[in-house]
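Chemist: what's the 3D shape of this:
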Amino acid sequence: MKQVYFAAALLVCVSAGARADNWPQWRGPNNDGISPEKNLPTEWGPDKNVVWKLAMPGRGGSTPCVWGDRIFLTSTVGNNEEVAALCVSTAGKELWRKPLGGASIRTPPGEGDTAGASPSTDGKHVWFFCSSGELACFDLDGNEAWKFNVQKKHGKFQIQFGMHTTPALFRGRLYLQLLHDGGQHVICLDAATGNEVWKVDRPSDGRRECLHSYASPFVWTDGKDAYLVTHGNDYTVAHDLKDGHEIWRLGGLNSKERYNPTLRFVASPVCTPELIVVPTAKRGVVVAVKPTASGKFEAGSEYEQWRLPNGTPDVPCPLVADGLVYLMGEMGTLTCVNAKTGKQEYSHTLRQFRHRASPVYADGKVYVTARDGTTYVVKAGPKFELLATNKMEDDQTASPAIADGRIYLRGFKNLYAIGTR
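Modeler: Numbering: from 1, shown residues only. Prediction:
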């Protein structure tokens, strides 16, 4: 089973056209948090294995993407309301900076910013989105291909803590989920032109804060078939890529008998060729869905591989690697379960502190990063083993990006290249 999961991940990575040493989107080559890189550093600190650091113009929660010798990321500037798109060389030099937009948003103390959505690239163009609704496409040299404001085309965002969803890039198209009080829509765009291909309503019987989703859409694929997965407003829904119609809808994520009107989804599902792991919020249920699902279903369905009654991450996305599922709790508890059965292998509290970044996997290790810039390196496997604790004096909510032998950490103050060369 372990070999099947890993081999399938590599197959899709190759079919997607991304070189092994690139990190082209938020969750990596296959958008699942897995890197095929080897010989990465296990230990680092302010004076150890930092190849370079580059001061940022402001804070940002977005994860960088990397292609070849270029790193793309977003950052707040000035009063932390305006957002810029940045291109940095892998030598640590800023190459270009372009204004995106910006707007005041309400966030909990110490949480969130307008640079929350992560960029994506296909090696020819790079796409950026920010909470003001600006969606832009540039070539790798910073020349604008197209740009427009999503709010002006599809309605004002009415969401408590700002729109932070990251569009999904797949086979020349961009997919957005816009789930908020002002509308419940899923949109497909031609990535080259920004033109709308289709737009569908995404109805739900959710109410109050549940209408607000901070999660991102993902594409499930086994290298041949593919569909879009959106997450929020009490449901996870699969959509046909051609026209957006529903393929399946997972319910039972917010009990109708004990309804929680504040159960807004932040963590996104992880899609692997053989399993889709669906988180919820506030220590609620976690569901493993079989990709062959169809129609409407919930607990007890043949389309559920397993369901955990509680223990979901509230913000970090699940990670599936080598037949195991890793769930990084927002307050520092890492739980590992068997991907086939859902049986818990271990649950270990690293430290009771906020975690916002999603875990990543490379070279038999799981990297998890706390809000204060501490990254724990855990040996992958069914038994907990802490390999290293690495502290940078810089807050961090972005997930690590791994490319060409380096780990890139986006702190609030600096961008760091971690490596031995």
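
Chemist: make it CA atoms for all contacts and neighbour counts henceforth
Modeler: Fine.

Chemist: now the helices: where do they sit in this structure?
Modeler: Assigned by DSSP state H, the chain shows helices spanning 2-15, 150-154.

Chemist: Lowest average pLDDT across those?
Modeler: Sorting those by mean pLDDT places helix 2-15 lowest, at a mean of 39.

Chemist: so how far is Gly78 from Leu169?
Modeler: Relative to Gly78, Leu169 is positioned 30 Å away (C-alpha to C-alpha, to the nearest Å).

Chemist: With neighbour numbers in mind, choose between those two.
Modeler: Taking neighbours as other C-alpha atoms under 10 Å, Leu169 and Gly78 compare with Leu169 leading, 26 against 9.

Chemist: Please name the bridge partners of the more buried one.
Modeler: Taking DSSP bridges as the rule, Leu169 bridges to Leu174.

Chemist: residues in contact with it?
Modeler: Ser120, Thr121, Tyr175, Ala191 (C-alpha atoms under 8 Å, 6 or more residues apart in numbering).

Chemist: got the contact list for the third one?
Modeler: So the one you mean is Tyr175. Pro167, Ala168, Leu169, Val186, Ile187, Cys188, Leu189, Pro217.

Chemist: Could you check how many residues crowd around Thr292?
Modeler: Using other C-alpha under 10 Å, Thr292 has 11 neighbouring residues.

Chemist: ah, wrong one, I meant Gly295
Modeler: Close neighbours of Gly295, defined as other C-alpha under 10 Å, add up to 12.

Chemist: Quick check, pLDDT for the residue nearest to it when sequence neighbours are not counted.
Modeler: Once flanking residues are discounted, Gly295 sits nearest to Trp248: 4.4 Å by C-alpha to C-alpha, 6 or more residues apart in numbering. Looking at Trp248, its pLDDT is 98.

Chemist: ok, how many other residues are close to Trp248?
Modeler: Residues contacting Trp248 under the criterion other C-alpha under 10 Å number 20.

Chemist: Please shift the residue numbers so they start at 56 in all later answers.
Modeler: Shifting the count to begin at 56 puts that one at Trp303.

Chemist: separation between it and Lys351?
Modeler: Trp303 is 6 Å from Lys351, by C-alpha to C-alpha.

Chemist: returning to what we had before: among the contacts of Tyr230, which lie within strands?
Modeler: Using DSSP state E, the members of the contacts of Tyr230 that fall within strands are Ala223, Leu224, Val241, Ile242, Cys243, Leu244.

Chemist: Among those residues, give me the pair with the biggest separation.
Modeler: Leu224 and Val241 (13.8 Å; C-alpha to C-alpha).

Chemist: quick revisit: could you double-check that the residue nearest to Gly350 sits in contact with His294?
Modeler: Yes. Trp303 lies in contact with His294 (C-alpha atoms under 8 Å); the separation is 7.4 Å.

Chemist: Quick check: ChimeraX command selecting the buried ones in the contacts of Tyr230.
Modeler: A single ChimeraX command selects the buried members of the contacts of Tyr230 (16 or more other C-alpha atoms under 10 Å):
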select :222,223,224,241,242,243,244,272
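
Chemist: Now render the contacts of Tyr230 as JSON lines, adding pLDDT and distance to Glu189.
Modeler: Formatted as JSON lines, these follow (pLDDT from 0 to 100; distance: C-alpha to C-alpha, whole Å):
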{"residue": "Pro222", "pLDDT": "97", "distance to Glu189": "12"}
{"residue": "Ala223", "pLDDT": "97", "distance to Glu189": "15"}
{"residue": "Leu224", "pLDDT": "98", "distance to Glu189": "16"}
{"residue": "Val241", "pLDDT": "98", "distance to Glu189": "17"}
{"residue": "Ile242", "pLDDT": "98", "distance to Glu189": "15"}
{"residue": "Cys243", "pLDDT": "98", "distance to Glu189": "16"}
{"residue": "Leu244", "pLDDT": "98", "distance to Glu189": "14"}
{"residue": "Pro272", "pLDDT": "98", "distance to Glu189": "18"}
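
Chemist: As TSV, the contacts of Tyr230 with distance to Ser310 would be great.
Modeler: Listed next are the contacts of Tyr230 as TSV, based on distance: C-alpha to C-alpha, whole Å:
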residue	distance to Ser310
Pro222	29
Ala223	29
Leu224	32
Val241	24
Ile242	28
Cys243	31
Leu244	34
Pro272	23
